[in-house]
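Participant: what shape does this take:
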Amino acid sequence: MRFVYPQGKRKALTFSYDDGQSYDRRLAELLRSHGMKGTFHLNSGRLGLHRGDEVFIGREEIKEVYAGHEVACHGVEHRNLPTITRQQTILEIQEDRKALEEITGGLVQGMSYAFGNYNQEIMDIARALGIKYSRTVQDTKNFFPPSDFMAWHPTCHHNNSLLELADSFINVAGFYELPLMYVWGHSFEFGRTGDWSVIEAFADKMAGQENIWYATNMEIYMYIQAVRQQEFSADGLTMYNPTAAAVWVSTKEGIIEVKPLQSVKLAK
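Facilitator: Residues are numbered from 1 along each chain as shown. Have a look, this model is predicted:
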């Protein structure tokens, strides 16, 4: 028996982009047009700001620009959390959540660390403030889900062997359970150079794959958390789903959906 993603898909792909500059419009639409989903981490204190060549998405267009995607925190003012006080860290995270939730009308519980800088205290503060996961900038170049979602290391930045890793992911080794490819970066890296070729080629290559689940960061977090709460009989043949989310498994008999609060015999 192996756990698989929703509808029996073996693999998952997600994106994570920071800072909310105007180039997010093109990136969000690119992903949407290819049937993909991503998470966009915004600084609520910079919304609508024009600063030199930096132009940030305005409050009034967030729902339209990020339709179908997830909006998440990146700190009110993009401050380096390890160098400020505990109280300032709390405000940087909590006020960002409050502002983004007011705009989106939903819960905002994801985050990425500004500058990729964090420590155990910051992880604990963020968790206490209702943050469920937070992304780092430490590329793993592998496809394992994170052991700790508060230190969620991505597969790669889009400038770090993206297309080569795409080929590896398409042909991912069988020992991976719930293989996940997680791409991160900043849309202004494409916009300032005018070169969108890498991310466009990646989207073209990965689109329409029947065995890939295209999901936001939060959707992946919620599903894997549900998987990790599954319970089994002593012989391992009966599975009970104590969560409010359906979970899928692959068995010798085929794909089985285990619904919330359901017990299923996995083998005779």
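Participant: can you tell me the SS state at residue 205?
Facilitator: Assigned by DSSP: H, G, I helix; E, B strand; the rest coil, the conformation of residue 205 is helix.
Participant: can you tell me the closest non-neighbouring residue to it?
Facilitator: residue 166 (5.4 Å; CB to CB, 6 or more residues apart in numbering). Where you see a C-beta, it was placed from the backbone N, CA and C, and this is true even at glycine.
Participant: what's stretch 200-207 in contact with?
Facilitator: Among residues not part of stretch 200-207, those counted as contacts by CB atoms under 8 Å, 6 or more residues apart in numbering are 13, 30-31, 34-36, 158, 162-163, 166, 169-170, 183, 212.
Participant: ok, now stretch 28-37?
Facilitator: Taking CB under 8 Å, 6+ apart as the criterion, the residues outside stretch 28-37 that touch it are 13-15, 38, 40, 65-70, 196, 199-200, 203-204, 206-208, 214-216, 219.
Participant: tell me how far stretch 194-204 lies from the chain's centre.
Facilitator: Distance of stretch 194-204 from its chain centroid, counting by CA atoms, centre = their mean, to the nearest Å, is 20 Å.
Participant: next, the buried residues of it.
Facilitator: Neighbour-count burial for stretch 194-204, with 16 or more other CB atoms under 10 Å as criterion, is recorded at 196, 199, 202-203.
Participant: residue 97 touches residue 73, doesn't it?
Facilitator: Yes: in this structure, residue 97 sits in contact with residue 73. The criterion is CB atoms under 8 Å, and the distance is 5.8 Å.
Participant: give me the common contacts of these two.
Facilitator: When CB under 8 Å, 6+ apart defines a contact, the residues bordering residue 97 and residue 73 alike are 108, 131.
Participant: in terms of neighbours, single out the busier of those two.
Facilitator: The residue with the greater number of neighbours, taking residue 97 and residue 73 and applying other CB atoms under 10 Å, is residue 73; the counts read 29 against 22.
Participant: next, the more buried one: phi, psi?
Facilitator: The phi and psi torsions at residue 73 (degrees, to the nearest 10) take the values phi -80, psi 150.
Participant: which ones are touching it?
Facilitator: With contacts taken as CB under 8 Å, 6+ apart, residue 73 has the following neighbours: 41-42, 93, 96-97, 100, 108, 110-112, 131.
Participant: likewise residue 38?
Facilitator: With CB under 8 Å, 6+ apart as the criterion, the residues that contact residue 38 are 14-17, 27-28, 31, 69-70, 216.
Participant: just residue 109 next, same as before
Facilitator: Neighbour list for residue 109: 72, 97, 130-133, 218 [criterion: CB under 8 Å, 6+ apart].
Participant: isn't residue 267 right up against residue 237?
Facilitator: Yes: with contact defined as CB under 8 Å, residue 267 and residue 237 form a contacting pair (5.1 Å).
Participant: how much space separates residue 69 from residue 130?
Facilitator: The spacing between residue 69 and residue 130, counted by CB to CB, to the nearest Å, is 20 Å.
Participant: run a quick neighbour tally on residue 103.
Facilitator: Here the count is done by other CB under 10 Å, and residue 103 has 17 residues near it.
Participant: sorry, wrong one. I was asking about residue 86.
Facilitator: Residue 86 is flanked by 11 other residues according to other CB under 10 Å.
Participant: and the residue nearest in space to the middle of the chain, its phi and psi?
Facilitator: With distances taken as CA atoms, centre = their mean, residue 217 lies nearest the centre of the chain, 2.0 Å away. Phi and psi for residue 217, reported as degrees, to the nearest 10, are phi -60, psi -50.
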